[in-house]
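> coords please:
(2 chains)
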2 protein chains.
Amino acid sequence: MTDGISLEELQLAARNHGMPLEALRWDITPVGLHYLLTHYDIPSVDPRTWRLEVDGLVGRPLSLSLDQIRVRPAVELAVTMECAGNGRARVEPHVVSQPWLLEAVGTARWRGALLAPLLEEAGVRGDALEVLFIGLDRGVEGGEEQDYARSLPLSDVLEGEALLAYEVNGVPLPPQHGFPLRLVVPGWYGMTSVKWLARVTLTDEPFDGYQMRHSYRLRQEEDEAGVPLSRIQTRALMVPPGIPEFLTRLRIVPAGECVLEGRAWSGQAEISGVEVSTDGGETWGEAALEPDALGRWAWRSWRFVWEAAPGEYELCCRARDVADNTQPLEPPWNVGGYANNAVQRVAVTVAA
Amino acid sequence: MTDGISLEELQLAARNHGMPLEALRWDITPVGLHYLLTHYDIPSVDPRTWRLEVDGLVGRPLSLSLDQIRVRPAVELAVTMECAGNGRARVEPHVVSQPWLLEAVGTARWRGALLAPLLEEAGVRGDALEVLFIGLDRGVEGGEEQDYARSLPLSDVLEGEALLAYEVNGVPLPPQHGFPLRLVVPGWYGMTSVKWLARVTLTDEPFDGYQMRHSYRLRQEEDEAGVPLSRIQTRALMVPPGIPEFLTRLRIVPAGECVLEGRAWSGQAEISGVEVSTDGGETWGEAALEPDALGRWAWRSWRFVWEAAPGEYELCCRARDVADNTQPLEPPWNVGGYANNAVQRVAVTVAA
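Numbering: from 1, shown residues only, chains lettered A, B, ... in the order given. Predicted coordinates for the structure are as follows:
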């Protein structure tokens, strides 16, 4: 395990917010506790002059004010969003970027207008294949000055529930979540859900920008093309039980019945079960899944009753989905340190 | 400069949120961007059963529901709060704890009931000297299991504007800021403003708990008593100009007029001026202070017009207050790595 995070990585860790894992208690993550990853700076956008441009291979280009988007039929979706880099700080050899441990996740109620009908209104041409989303956050990465931009195949936009969101948890988007408007693509890693959205452009070829060509690809070698990241890997996390030690975050739990609880999610397929181990992954028991209260795109609650006897333990949990995806015991490695969904390990002392 | 932050420190950096410095643009820090330091876990508190107990050396002990506090005369104060550990990651030799760089600050509008009239109602006895504040967050620190607890001299409570706050920026406190009720002590470092407040106890001797006796003291040696931290040191920070490089956060600025802007604050005395250097602290020019729009306890805006010619620069800013406090060029060292208000240094490339 590396023990040398650089000051450059620390600068990123100090700006980009994780969700403290005790916040898994809430069905919907309170504003301010949802994870937050900003490549460049959080822009300050004047909503009076802001417009969303819809252009490219469309019959009727649109230029929409926020009010014009807010009067469209509104949809609210509970969506669990996770950063593709979650778990990066645990992969070896060490990968230098935002050093997430486990906490780059959150679930919010996003309210806005569905993207598909808006594209229909713009009249997507028959030769359009991709949808490019351009944000207002600008910076330099890999030596290229750029607006943050990502694309999706048109088919994924038309078949999915991609949302142009202007509210989160019942309030207007705060600046850090993309005010005045952001894309939310349920089931996909967070890089897809472009914040501070300014432009949606229909094209007839895959977008080749930095965030598509270089970042967010699974590669074993620097010089291979690799596979683009898309849907969120299957994962369960638990609320660390008991109370923490300040620095080490080791947990102290009283002896007796201890209810372990947490959440599980997958962008791949519906969650079918969660297992819990109290011996570091040697043996596993089945947790009880709670009813699916939040819909397909949000995490699912689970609980497991543990009879805690005095001693030292390593608690683990792992989810599986109906497509038989599950979680590895050890972190997978790739060039970007992405999609590390290795099982969580929580060190616990049960007091005598 | 250390380049080895441990995974234990990273765990803290991932939980505890900094304010990205571009958020200095906003007079009032949006909810979710204010800094956040939680020693143990964020508790989940049921406001229906929660009570604030006021006891100890009082004539009439009180047990108040949230509604009983909300019906009292309300006060709203804009307060700049800073963590006493802000700047710790830059001190040498390295101090192991929450590794803040510069971003452990924020300004919020806190609304609630003043504490002094409530103590009057409880009938503080003549032999009371201190007020002890106990939170609901519990953990282990320095080998001691404890509720987070801090005390203040009674005279500071009666003369100051210590507030029992139930709202921040016009909304009920979110869980992470102390729901349902927290203490806010304007001008003091954040450790004083106990969150998830459960009990206020009047005593006739200084409280000797871990957070008073061990933490939050300025000490040059481990075994000396040292001086307790209290009011916030004088400091200015600037919005990093231009656009960032993703990993290094180096700034790229176009040539020409560049308006540098930021905020300055001090818990010691009113801000009297801010200076800016564009050559790493060799020479300094006076910034313009904006009118004091937020009151005595919040930061003050400043701006400085820089004619940026192509080249490499290190921008700095430093504040001074009417009591002649200012900021050192190099980080001061103490055992806890506290109160490092050394001037901010921002590396900038002005493009040709």
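> which residue packs closest to the residue nearest the centre of chain A, ignoring adjacent ones?
Centroid check for chain A by Cα atoms, centre = their mean gives A:E82 as the closest residue, at 1.5 Å. Sequence neighbours aside, A:V105 is the residue nearest to A:E82 in space, at 4.5 Å (criterion: Cβ to Cβ, 6 or more residues apart in numbering or on different chains). Placement of C-beta: from N, CA and C, glycine included.
> verify the stated contact: A:R60 with A:G123.
Yes: the pair formed by A:R60 and A:G123 meets the contact definition of Cβ atoms under 8 Å, at 5.0 Å.
> more neighbours: those two, which one.
Neighbours were counted for A:R60 and for A:G123 using other Cβ atoms under 10 Å in any protein chain shown; A:G123 has more, 15 against 9.
> can you name the residues that contact the more buried one?
The contact partners of A:G123, by Cβ atoms under 8 Å, 6 or more residues apart in numbering or on different chains, come to A:58-60.
> again with A:S266
A:S266 touches A:232-235, A:319, A:321, A:325, counting by Cβ under 8 Å, 6+ apart.
> how far away is it from chain B?
In this view, A:S266 and chain B are 23 Å apart by Cβ to the nearest Cβ, to the nearest Å.
> anything in contact with each of A:R60 and A:G123?
Contacts common to A:R60 and A:G123, judged by Cβ under 8 Å, 6+ apart, are absent.
> show me which residues of the stretch 51-200 of chain A sit near chain B.
By the rule Cβ under 8 Å from any Cβ of the partner chain, the part of the stretch 51-200 of chain A lying against chain B is A:89, A:96-97, A:99-101, A:103, A:138-141, A:145, A:171, A:174-177.
> take the residues you listed and keep only those in strands.
Within those, residues falling in strands by DSSP state E are A:138-141, A:145, A:171.
> buried subset of those residues?
Burial by neighbour count, judged by 16 or more other Cβ atoms under 10 Å in any protein chain shown, picks out A:138-141 from those.
> quick check, nearest of those to B:A351?
Checking those against B:A351 with Cβ to Cβ, the nearest one is A:V140 at 10.5 Å.
> let's test this: mean pLDDT of stretch A:228-236, rounded?
Across stretch A:228-236, pLDDT averages out at 98.
> that older thread, just the contacts of A:S266 that are near chain B?
For chain B, no contacts are drawn from the contacts of A:S266 by Cβ under 8 Å from any Cβ.
> helices - which of those land there?
Applying DSSP state H to these, no entry is found in helices.
> can you redo the residues you listed as a markdown table with neighbour count?
Below are the contacts of A:S266 laid out as a markdown table (neighbours: other Cβ atoms under 10 Å in any protein chain shown):
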| residue | neighbour count |
| --- | --- |
| A:I232 | 26 |
| A:Q233 | 25 |
| A:T234 | 23 |
| A:R235 | 31 |
| A:A319 | 29 |
| A:D321 | 20 |
| A:N325 | 19 |
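> just put those residues in CSV and tack on distance to B:Y166.
CSV is the format used below for the contacts of A:S266 (distance: Cβ to Cβ, whole Å):
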residue, distance to B:Y166
A:I232, 37
A:Q233, 40
A:T234, 40
A:R235, 36
A:A319, 38
A:D321, 42
A:N325, 44
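> which residues of the stretch 201-350 of chain A score low on pLDDT?
Along the stretch 201-350 of chain A, no part satisfies pLDDT under 70.
> which residues does A:T326 contact?
The contact partners of A:T326, taken as Cβ under 8 Å, 6+ apart, are A:234, A:318-320.
> ok, the residue nearest to A:E82 touching A:C83?
Yes: contact criterion Cβ under 8 Å: A:V105 and A:C83 qualify, at 7.4 Å.
> so for these two, which sits in the more crowded spot?
Each of A:V105 and A:C83 has its neighbours counted (other Cβ under 10 Å); A:V105 has more, 26 against 23.
> list the contacts for the more buried one?
Neighbouring residues of A:V105 by Cβ under 8 Å, 6+ apart: A:19, A:35, A:80-83, A:86, A:237.
> repeat the analysis, applying 10 Å as the threshold.
The contact partners of A:V105, taken as Cβ atoms under 10 Å, 6 or more residues apart in numbering or on different chains, are A:18-19, A:21, A:23-24, A:29, A:34-35, A:80-83, A:86, A:190, A:232, A:235, A:237, A:263, A:265, A:299.
> and the residues you listed, which of them are in strands?
A:80-82, A:235, A:237, A:263, A:265.
> out of those residues, which is nearest to B:T248?
Within the ones in strands among the contacts of A:V105, the smallest distance to B:T248 is 25.7 Å, found for A:E82 (Cβ to Cβ).
> endpoint to endpoint, stretch A:149-158 covers what distance?
Taking Cα to Cα, to the nearest Å, stretch A:149-158 runs 19 Å from one end to the other.
> then stretch A:204-224?
End-to-end span of stretch A:204-224 (Cα to Cα): 24 Å.
> ok, stretch A:219-238 next?
29 Å.
> how about it: buried residues?
Residues of stretch A:219-238 classed as buried by neighbour count (16+ other Cβ under 10 Å): A:226, A:229-238.
> and that stretch, how far from the chain's centre?
The chain centre lies 13 Å from the centre of stretch A:219-238; the measure is Cα atoms, centre = their mean, to the nearest Å.
> ok, stretch A:215-234 next?
For stretch A:215-234, the distance to the chain centre is 16 Å (Cα atoms, centre = their mean).
> now stretch A:15-34
With Cα atoms, centre = their mean as the basis, stretch A:15-34 stands 12 Å off its chain's centre.
> what about that stretch, average pLDDT?
On average, stretch A:15-34 scores 97.
> regarding A:E307, what is its secondary structure?
State at A:E307, reduced to three classes by DSSP: H, G, I helix; E, B strand; the rest coil: strand.
> in space, what's closest to it - neighbours in sequence excluded?
In space, A:E307 is closest to A:E257, 6.1 Å off (Cβ to Cβ, 6+ apart).
> still on that earlier bit, B:G4: which of the contacts of A:T326 is nearest?
The closest of the contacts of A:T326, once distances to B:G4 are taken by Cβ to Cβ, is A:R318, at 31.5 Å.
> tell me the contacts of the residue lying closest to that closest one once chain neighbours are set aside?
Leaving aside its chain neighbours, A:R318 sits nearest to A:Q327 (4.3 Å; criterion: Cβ to Cβ, 6+ apart). Going by Cβ under 10 Å, 6+ apart, A:Q327 touches A:233-236, A:264, A:266, A:275, A:316-320, A:340-344.
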